[in-house]
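> The following comprises the amino acid sequence and a computationally predicted model.
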Amino acid sequence: MGLYLEAMSVIIPFDNSYARLPGSFYTVQPPEPVRAPRLIAFNDDLARLLGIAPGEAQEMAEIFAGNRVPEGASPLAQLYSGHQFGQYNPQLGDGRAILLGETVGTDGKRRDIQLKGSGRTPYSRMGDGRAWLGPVLREYVVSEAMHALGIPTTRALAAVETGEMVIREGRLPGAVLTRVAASHLRVGTFQVFAARGDTRSLKQLTDYAIARHYPDAEGPMGLLRAVRDAQARLIAAWMSVGFIHGVMNTDNCAISGETIDYGPCAFMDTYHPDTVFSSIDQMGRYAYSNQPGIVVWNLAQLATALIRQLDDPEGAVAEATEIVHAMPALIEAAWAERFRAKLGLRSAREGDVALITDLLARMAVGGADFTNTFRALAEGTARDQFTDPVAFDAWAEGWQARLATEPDPEATMRAANPAIIPRNHRVEEMIAAAVAGDYAPFHRLNAVLARPFDDQPEARDLTAPPLPHEVVQATFCGT
Ligand code: AMP
Ligand code: MG
């Protein structure tokens, strides 16, 4: 009576638009099988959204390790280039990732399903095409936490152990992440065709990006404007939760406006604008407070690439310049809106920005924890976060006066200030446990971080800032 085993098989309703683009966009490439795949995690909610029917664990492990290519997939490695720490690299591309294909979800949205850590491709250069368990679990936890915070991001569908070791800082267990994205189009996808003078591909890519992400946008400059607006909102959202991406290269800057490529990323504990985590960012190029400036720089690279397809370069340069130059003000406006809400302010008044920056300046001097200070505003205990609480009191006087005319500021604050974020030392601790075979901290982090705006008294250990000896000094890319 229909109780056949096939009914238990994974079904992914693929519809692969990228694979229908010309061969200049990618290389057809199946994932490279691994020795002993074992499923660590599978995101059922996300699978449902994608229209995926899950199967039994071993079949899922084989599919999401790349050992078995599911029916309907068109595995390929995407071509792109990009500026890495300001230097143009003419060819990057998916060196350790394979796009399996896309589905149109139950919400009508098209999304990529990509394996990361799935073996070598023609774009691997010196790399082994693999990922180790640490970055895979970090990306899983942090990207899902970002989603729960309401910030546009790629998501994690599955994590699989490979049963193989990879060589990084020593021998480490290998893993594969299944990443889901609105698309993997990056600023660097446009740059590679522009740099090669391949106007035909550049035009096709522009049309594809518009159709997929911004159907109302008109032409290359319309696309530029839409990406600008999405990225401006994204950066403001990052800033509002103390998120530091770590590697904002143009190949890690998504056209969709989603956060992409979680490498040596982290959330700040103690507030300081100069905070950097990435061990490869010696100059602090991608420090917390530099992120708004960097995204404008990245948009300028997109503008430069898009212009290459236009017949009237001079007119286009003028228009593109105007679009890019308008970005800082847009970021500031989105930033002010985010931070006003963090202070409980729904309306906008003159003096609000000064009120915000004054608090941040006092937090930097007072060694205040970013997340906990804002969360404590609604509870009336924020002063305890400062080495010198009197410095907070002096600020709070003006704030209280401003709050007087706001309807229900506490609700506004509770919705804008998360109680919990993935603290770096807890993420590192979770990775160490997983390497030792204990996945309980990984599953617990995911469960708690799924409700970041709820008070969860049982998770107090996860909301506490690190003790001095727990502070993580640098987060390694460890790709
Ligand atoms: P990322 O730092 O993850 O943004 O990667 C930058 C570039 O290096 C991309 O082209 C990646 O595909 C490539 N890459 C990173 N790690 C590896 C690896 N282990 N094997 C091959 N390519 C890699
Ligand atoms: Mg990347």
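Looks like it came in fine. Residues are numbered from 1 along each chain as shown. Ligands and ions are numbered 1, 2, ... in the order given.
> is it true that residue 229 lies in a strand?
No. Secondary structure of residue 229 (DSSP: H, G, I helix; E, B strand; the rest coil): helix, not part of a strand.
> Name the residue of the chain that lies nearest to ligand 2.
Relative to ligand 2, the nearest point of the chain is residue 261 (4.1 Å; C-beta to the ion). All C-beta atoms are positioned from the backbone trio N, CA, C, and that covers glycine.
> Doesn't that residue lie inside a strand?
No. With three-state DSSP as the criterion, residue 261 is located in coil rather than a strand.
> Which pLDDT does the model give it?
With respect to pLDDT, residue 261 scores 97.
> how about it, what does it touch?
247, 251-252 (C-beta atoms under 8 Å, 6 or more residues apart in numbering).
> Apart from its neighbours in sequence, what residue is nearest the closest residue to ligand 1 within the stretch 301-450 of the chain?
Nearest to ligand 1, among the residues of the stretch 301-450 of the chain, is residue 301, at 15.2 Å (C-beta to the nearest ligand atom). Once flanking residues are discounted, residue 301 sits nearest to residue 250: 5.0 Å by C-beta to C-beta, 6 or more residues apart in numbering.
> Where does pLDDT dip in this protein?
Within the chain, the stretches with pLDDT under 70 are 1-8, 475-479.
> That one - how does it break down into domains?
4-181, 187-336 (automatic domain parsing).
> Now tabulate these in a markdown table and tack on distance to residue 449.
A markdown table is the format used below for these (distance: least, C-beta to C-beta, whole Å):
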| stretch | distance to residue 449 |
| --- | --- |
| domain 4-181 | 4 |
| domain 187-336 | 11 |
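> Of these, which is nearest residue 364?
Closest of those to residue 364 is domain 187-336, at 5.3 Å (criterion: C-beta to C-beta).
> what about the closest one, how long is it end to end?
Using C-alpha to C-alpha, to the nearest Å, one end of domain 187-336 lies 26 Å from the other.
> and the helix or strand the residue of the stretch 301-450 of the chain closest to ligand 1 falls within, anywhere near ligand 2?
Using DSSP states H and E, residue 301 falls within helix 291-307. No. Against ligand 2, helix 291-307 shows no contacts by C-beta under 5 Å from the ion, the least distance being 12.9 Å.
> Residue 152 - nearest residue in space that isn't next to it in sequence?
residue 258 (4.6 Å).
> re the thing from before, residues of the helix holding residue 301 that come out buried?
By neighbour count on 16 or more other C-beta atoms under 10 Å, the buried set for helix 291-307 is 291-292, 294-307.
> do stretch 72-81 as well
73-81.
> Show me what stretch 395-403 is in contact with.
Contacts of stretch 395-403 (C-beta under 8 Å, 6+ apart): 343-345, 349, 351-352, 355, 358-359, 362, 382-383, 409.
> what's the most distant pair in these?
The widest separation within those, taken as C-beta to C-beta, falls between 349 and 383 and amounts to 23.7 Å.
> Compare the two (neighbour count), which wins?
Using other C-beta atoms under 10 Å as the criterion, residue 349 and residue 383 rank with residue 383 on top: 19 against 12.
> pretty sure that one is touching residue 389, no?
Yes. Here residue 383 lies in contact with residue 389, judged by C-beta atoms under 8 Å, at a distance of 4.0 Å.
> Kindly indicate which of the buried residues of helix 291-307 lies nearest residue 371.
Nearest to residue 371 among the buried residues of helix 291-307, with distances taken as C-beta to C-beta, is residue 291, at 17.2 Å.
> and residue 39, that one's in a strand?
Yes. Counting by three-state DSSP, residue 39 is located in a strand.
> Please list all residues in contact with it.
Contacts of residue 39 (C-beta under 8 Å, 6+ apart): 57-58, 60-61, 64, 158-160.
> Among those residues, the buried ones, what's the ChimeraX command?
Buried members of those, defined by 16+ other C-beta under 10 Å, are picked up in ChimeraX with:
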select :60,61,64,158,159,160
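> Quickly list what the residue nearest the centre of the chain is bridged to.
For the chain, residue 259 is the residue whose C-alpha lies nearest the centre (C-alpha atoms, centre = their mean; 2.8 Å). Applying DSSP bridges to residue 259 yields these beta-bridge partners: residue 153.
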